[in-house]
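*Asks:* sequence below, structure please.
(2 chains)
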Amino acid sequence: MIRVRFAPSPTGYLHIGGARTFIFNWLYARHNGGAVILRIDDTDLERNTQTSLDSIYEGLEWLELGWDEFYRQSDRLDLHRQAAEAIFEKGLAYRDFTPASTASENPTAGWLFNPGMRELTREESDRRACAGEQFVLRFRVPRDSRAEIAVADLVYGTVTKATSDLEDFALLRSTGMPTYHMASCADDADLRITHILRGQEHLANTFKHVLIFEALGVEVPRTAHLPLLMAPDGAKLSKRIHGPVVSVTTYREAGFLPHAFVNFLSLLGWSPKNDQEKMSRDELVQLFSLEAIHRSNATINFTEEDPFDPKAVWLNAEHLRALDIDEFARRLMPYALQAGFSNATPEKLRTIAPLIQERMRLLRDVATVADFFFTEPQPYDAAELVPQKGDMAMAERALEKGREVLATVPVFDHAGLESALRTAANEIKLKAGQMFQPIRVAVCGRKNAPPLFETLAVLGRETVLARVDRALGMLS
RNA sequence: GGCGCUAUCGUCUAACGGUUAGGACGGAGCCCUCUCAAGGCUCAAAUACGGGUUCGAUUCCCGUUAGCGCUACCA
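*Replies:* Below you'll find the model as predicted:
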């Protein structure tokens, strides 16, 4: 049984790199019928925040992928300490009584261990510990018995590290709290994690982890490190320097469909190798494989003005169009309300939905694409009413004739409106487009709008006539 | 600095050692059309550099360069 875990630290909101790691884990588990474990790695008391935890939940839930088990490391500290203790008892770790160095004085290139501490006898070590002296527990890297540590990564292949380049890393801090390495490995072992999919920044840590797992006497989980997501400025994606543009909630608020977002992220560092771009969740699960994951970082395209990668937006538009119309209308609702269309109802959205579905890229576009269905048209210049190759007089003629037809057409629907309006255009010797444009602007407040007859039908005779009258008023 | 990883159009990516180096986004243009979209077609756009190995290298090897990561009692 394959068991994977996603283990974020609650030290900032969930960003797209974290989301992608989660997605890859989820995809791998689902592809193989395995389990997804969400584990909050919150052993860094100083940096943890509740808002961050909330943001991670919120972001993950929005993805609509789900997980099977949930843990918090802070609930499992005893386990971590016991594991560290066991390693110490085996003589594979030692107490280091050297006072913590101040962060600034850390230019110790090539530092491997603090002098004198590795060789402390057990008696001496116990004596000082009993006397209440503070210490950090360090792993005793086996530099004499072993030349190198090898990791057979599922993505990067076999990578090795000389033990002479590996420092005696900490297991327990002087506060007694486990370090990330200790907590992570103890939990992975206890939760019987079989595969670790995580960012490539951890590749170098894996050597330490292998040592810990071996010391614990458990099977070492297989690792698959994921190439990193980079910002356009070349830096690793960071919440701190790139801000909310990399936050998952930013995507949600803009109106990305969760599965479109998942689709986009899945294509960063992985590809199905068959030129397929738009994929449903099931297709992704079906196609996903570790072998197809790349080793080079992927740059995500965004700017401060436009936080979204154009491909993500395009993919979202594709998924939006593919949505069942009722589903589409339903997804629209919160964004319509957010746009201030307080008169938006599910029924009304359902009638508008077909008119705007292929004209939207993000759900929030409903605000700019469908405004005139809910409110009076945006103020526009009378000149806008002038049709192609026409003048004010033509606009007026078209509107007057149009008003007459709109007031009298027996059936106010697509078919009835189209034939009546086309006939009318003929009668006053206007091209169809010249007839339609002034009406469109009068009704929508702009030239760019959904097809005219459907729009009129949805708006209804009364509203349409009122708006045409207002336009007429502007011309006289 | 040390150690590790990586390198194909602007971006995401494809290519048993043999292809006119393919696709997608974005860009430009054309078509369709009541506007806008959507759709269709076309164009521009890449193998970082230098050495090998080979009949033949985007692909394998070495070096250079560049980028990234790790080098904490952060994760």
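
*Asks:* which regions of chain A sit below the pLDDT cut-off?
*Replies:* Within chain A, the stretches with pLDDT under 70 are A:101-109.

*Asks:* report back the residue of it that's furthest from centre.
*Replies:* A:Glu427 (55.7 Å; C-alpha atoms, centre = their mean).

*Asks:* and that residue, its phi and psi?
*Replies:* Note on A:Glu427: its backbone torsions stand at phi -60, psi -40 [degrees, to the nearest 10].

*Asks:* tell me the buried residues in stretch A:330-350?
*Replies:* A:331-333, A:335-336, A:339, A:341, A:344, A:348-350 (16 or more other C-beta atoms under 10 Å). Every residue, glycine included, has its C-beta placed from N, CA and C.

*Asks:* and these, which is closest to RNA strand B?
*Replies:* Closest approach between these and RNA strand B, by C-beta to the nearest atom of the strand: A:Leu332, at 15.3 Å.

*Asks:* make sure that closest one is actually in contact with A:Thr351.
*Replies:* No. With contact defined as C-beta atoms under 8 Å, A:Leu332 does not reach A:Thr351; the gap is 11.6 Å.

*Asks:* please name the residues that touch A:Ile37.
*Replies:* A:3-6, A:67-71, A:191, A:193 (C-beta atoms under 8 Å, 6 or more residues apart in numbering).

*Asks:* PyMOL command for the buried members of those?
*Replies:* Buried residues within those, by 16+ other C-beta under 10 Å, are selected in PyMOL with:
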select buried, chain A and resi 3+4+5+6+67+71+191+193
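
*Asks:* list just the nearest of the contacts of A:Ile37 to A:Lys273.
*Replies:* When the contacts of A:Ile37 are ranked by distance to A:Lys273 (C-beta to C-beta), A:Val4 comes first, at 22.4 Å.

*Asks:* what pairs with that closest one across the strands?
*Replies:* In this entry, A:Val4 is beta-bridged to A:Val36, A:His195, by DSSP bridges.

*Asks:* and the gap between it and A:Leu237?
*Replies:* The span separating A:Val4 from A:Leu237 equals 22 Å under the rule C-beta to C-beta, to the nearest Å.

*Asks:* check A:Gly340 too.
*Replies:* From A:Gly340 over to A:Leu237 the distance is 33 Å, taken as C-beta to C-beta.

*Asks:* try A:Glu291
*Replies:* A:Glu291 is 25 Å from A:Leu237, by C-beta to C-beta.

*Asks:* those two: who's more crowded?
*Replies:* A:Leu237 (23 against 9; other C-beta atoms under 10 Å).

*Asks:* surely that one and A:Phe302 touch.
*Replies:* No. In this structure A:Leu237 lies outside contact range of A:Phe302 using C-beta under 8 Å: 9.8 Å.

*Asks:* next, show the common contact partners of these two.
*Replies:* Contact with both A:Leu237 and A:Phe302 is made by residues A:231, A:246, according to C-beta under 8 Å, 6+ apart.

*Asks:* just the strands in the stretch 51-200 of chain A please.
*Replies:* A:69-72, A:93-96, A:136-139, A:148-153, A:157-162, A:170-172, A:195-199 (DSSP state E, counting those that start in this stretch).

*Asks:* out of those strands, which gets nearest to RNA strand B?
*Replies:* strand A:170-172 (3.3 Å).

*Asks:* which strands or helices does the closest one pack on?
*Replies:* If you count contacts as 3 or more C-beta pairs under 8 Å, 6 or more residues apart in numbering; DSSP states H and E, strand A:170-172 packs onto helix A:77-89, strand A:136-139, helix A:180-190.

*Asks:* contacts for that strand, please.
*Replies:* Contacts for strand A:170-172 (C-beta under 8 Å, 6+ apart): A:81, A:84, A:87, A:93, A:96, A:136-139, A:178-179, A:181-182, A:212.
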